[in-house]
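Undergrad: what follows is a predicted protein model with its sequence.
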Amino acid sequence: MKQIPLGRAGFTVSEWCLGTMTFAGQTPEADAHRQIEMSLDAGIDFLDTAEMYPVNPVRPETAGNSETVIGNWIEKTGRGAEIKVATKAVGPNGMGLRENGKGYTTENLRGAVEDSLRRLRRDVIDLYQLHWPVRGSYMFRQNWTYDPAGQSRQETLDHMDSILGVLKDLVAEGKIRAFGMSNETCWGTTRWIDRAEATGGPRLVSVQNEYSLMCRLYDTDMAEMAVNEDVLLLSFSPLAAGILTGKYLDGTVPEGSRRSLVPEMGGRVTARSEGTARAYVDLAERHGLSPVHMAMAWQTTRPFPVCPIFGATNVTQLEHILEGKDVTLSDEVLSDIVETHKAHPMPY
């Protein structure tokens with residue numbers, strides 16, 4: 001597995017990242033620990049988690065448990081130095097995890113970092129991310145009705161400056177190495193970079209946004225920003241929450257799958273989703289490829305820096321994903337993907 005720069009952080013991460021949002025939820029601890037070791041064996045040394053995980057559903061009483069599972073593995077094996085860990089502070093809706101529904105603030109951000117360090121059994125977080133911008137976001141299907149008219153530019157910049165001040169101190173203390181955002185826009189990303197230059201805070205190195213063959217909001221202005229500012233996309237849901245595997249075709253809902261828990265899949269199940277998924281599954285089969293391997297391999301062909309975050313509910317799923325780690329796509333496959341995207345743009 002190739003190593004790639006984490007933006008301008010000064011260190012590298014594996015080209016794929018193991019997502020852990022099911023750890024301590026759908027994925028029991030023993031299975032989760034095996035997944036970490038299988039990923040390391042495959043050359044993947046980068047894990048992504050969050051203080052709100054596990055999901056499906058998110059509950060205050062389970063928040064932090066995915067971090068704890070990782071920390072337990074580190075304590076049990078003594079192999080913490082072999083992995084790089086990214087985690088996140090919960091966003092502004094609070095998800096019921098903080099007082100009065102608050103997300104991260106200048107008053108609680110330090111405590112959030114220290115709580116994550118304690119659960120992870122680490123002295124430093126390699127990449128610390130803010131799960132949502134406080135002013136709102138168009139991610140998770142909010143793009144269809146997105147309205148930024150109520151935003152205050154000055155309030156946003158003041159907030160960024162204050163948060164960057166806390167992050168600057170945490171970097172100086174050796175508690176975090178790098179800073180990134182999640183569910184962020186092009187304007188927001190460039191402002192974080194500008195304000196870091198103005199205040200001496202840590203430069204934003206990554207954005208964790210949804211990106212897959214079925215969700216390509218990142219392809220235009222975000223792509224241009226990423227190339228010019230050396231910002232790594234940590235793409236979540238590269239398999240479209242499992243839709244691109246083909247397992248949900250013809251209305252099939254496997255027992256224990258995400259769709260069995262969240263029927264609308266966060267707005268991904270629409271009148272056009274099945275036809276789009278079938279088009280990509282058929283494309284992969286015509287070329288003798290697994291649709292999973294094709295979707296993952298396509299990510300690293302993009303003309304901007306990208307590291308897909310993939311998750312697996314169980315070891316069997318992970319084994320299949322990892323079998324495709326060395327797959328490369330021919331020009332013919334890539335050309336067919338372009339035509340399929342034109343015929344089935346943004347189905348959700």
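TA: Nice, I can see it.

Undergrad: residue 85 contacts residue 126, doesn't it?
TA: Yes - in this structure, residue 85 is within contact of residue 126 by CB atoms under 8 Å, at 5.5 Å. (C-beta placed from N, C-alpha, C; glycine too.)

Undergrad: the two: which is more packed in?
TA: Between residue 85 and residue 126, counting by other CB atoms under 10 Å, residue 85 is the more crowded of the two (24 against 20).

Undergrad: what sits against the more buried one?
TA: Going by CB atoms under 8 Å, 6 or more residues apart in numbering, residue 85 touches 47, 48, 49, 70, 120, 122, 125, 126, 127.

Undergrad: can I get whatever helix or strand it lives in in CSV, CA atoms only?
TA: Under DSSP states H and E, the secondary-structure element containing residue 85 is strand 84-89. The C-alpha atoms that make up strand 84-89 are tabulated as CSV, following Å, rounded to 0.1, in the frame of the first residue of the first chain:
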residue,chain,number,x,y,z
LYS,A,84,-1.9,6.8,12.7
VAL,A,85,-5.2,7.8,14.1
ALA,A,86,-7.7,10.5,13.0
THR,A,87,-10.6,11.4,15.2
LYS,A,88,-13.2,14.2,15.3
ALA,A,89,-15.0,16.5,17.7
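
Undergrad: C-terminal to that strand, what's the next element?
TA: Next in line after strand 84-89, if elements are assigned by DSSP H and E, sits helix 109-120.

Undergrad: tilt between that following helix and strand 84-89?
TA: Taking axes from the mean of the first three to the mean of the last three CA atoms, to 10 degrees, helix 109-120 and strand 84-89 form an angle of 130 degrees between their directions.

Undergrad: residues contacting helix 109-120, please?
TA: Helix 109-120 has contacts (CB under 8 Å, 6+ apart) with 49, 51, 64, 67-68, 70-71, 74, 85, 87, 89-90, 104, 123-125, 128, 163, 166-167, 169-170, 175-176.

Undergrad: narrow the residues you listed to those in helices?
TA: With DSSP state H as the criterion, helices contain 67, 68, 70, 71, 74, 163, 166, 167, 169, 170 from among the contacts of helix 109-120.

Undergrad: could you count how many residues lie near residue 202?
TA: Other residues within reach of residue 202 by the criterion other CB under 10 Å amount to 21.

Undergrad: thinking residue 202 is in contact with residue 179, fair?
TA: Yes - the pair residue 202 and residue 179 passes the contact test of CB under 8 Å, sitting 4.3 Å apart.

Undergrad: common neighbours of these two, please.
TA: Common contacts of residue 202 and residue 179, defined by CB under 8 Å, 6+ apart, comprise 167, 171.

Undergrad: can you give me the strands in the stretch 201-348 of the chain?
TA: Listed in chain order, the strands found in the stretch 201-348 of the chain under DSSP state E, counting those that start in this stretch are 204-208, 232-236, 306-310.

Undergrad: just the ones you listed: most buried one?
TA: Compared across the strands of the stretch 201-348 of the chain, strand 204-208 shows the largest average neighbour count, a mean of 27 (mean count of other CB atoms under 10 Å).

Undergrad: now do the buried residues in the lowest-mean-pLDDT helix or strand in the chain.
TA: For the chain, scoring each helix and strand by mean pLDDT, DSSP states H and E identifies helix 258-261 as the least confident one, at a mean of 92. Of all the residues in helix 258-261, those buried under the rule 16 or more other CB atoms under 10 Å are 258, 259.

Undergrad: cool, stretch 247-259 as well?
TA: Going through stretch 247-259 with 16+ other CB under 10 Å, the ones that come out buried are 247, 248, 257, 258, 259.

Undergrad: cool, stretch 130-145 as well?
TA: Judged by neighbour count using 16+ other CB under 10 Å, the buried positions of stretch 130-145 are 130, 131, 132, 133, 134, 135, 136, 137, 138, 139, 141.

Undergrad: excluding its backbone neighbours, what's nearest the third one?
TA: When you say that, I think you mean residue 132. Using CB to CB, 6 or more residues apart in numbering and skipping the chain neighbours, the partner closest in space to residue 132 is residue 91 (2.9 Å).

Undergrad: residue 130 is in contact with the one you found, correct?
TA: Yes - Residue 91 is in contact with residue 130 according to CB under 8 Å; the separation is 7.4 Å.

Undergrad: now the strand holding residue 85, how far from the chain's geometric center?
TA: Mean-position distance between strand 84-89 and its chain equals 10 Å (CA atoms, centre = their mean, to the nearest Å).

Undergrad: hmm, residue 87 is touching residue 64, no?
TA: No - with contact defined as CB under 8 Å, residue 87 does not count as touching residue 64 (9.8 Å).

Undergrad: look at those two and report which has more neighbours.
TA: residue 87 (30 against 24).

Undergrad: quick one: residues contacting the more buried one.
TA: For residue 87, the residues meeting the contact criterion (CB under 8 Å, 6+ apart) are 48, 49, 50, 51, 67, 116, 120, 125, 127, 128, 129.

Undergrad: for these, could you give me CSV that also reports distance to residue 238?
TA: Shown next, in CSV, are these (distance: CB to CB, whole Å):
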residue, distance to residue 238
48, 12
49, 17
50, 17
51, 23
67, 22
116, 24
120, 24
125, 23
127, 18
128, 22
129, 17
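
Undergrad: I'd like to know which of the residues you listed is nearest to residue 147.
TA: Minimum separation from residue 147 among those (CB to CB) is found for residue 129, which lies at 25.0 Å.
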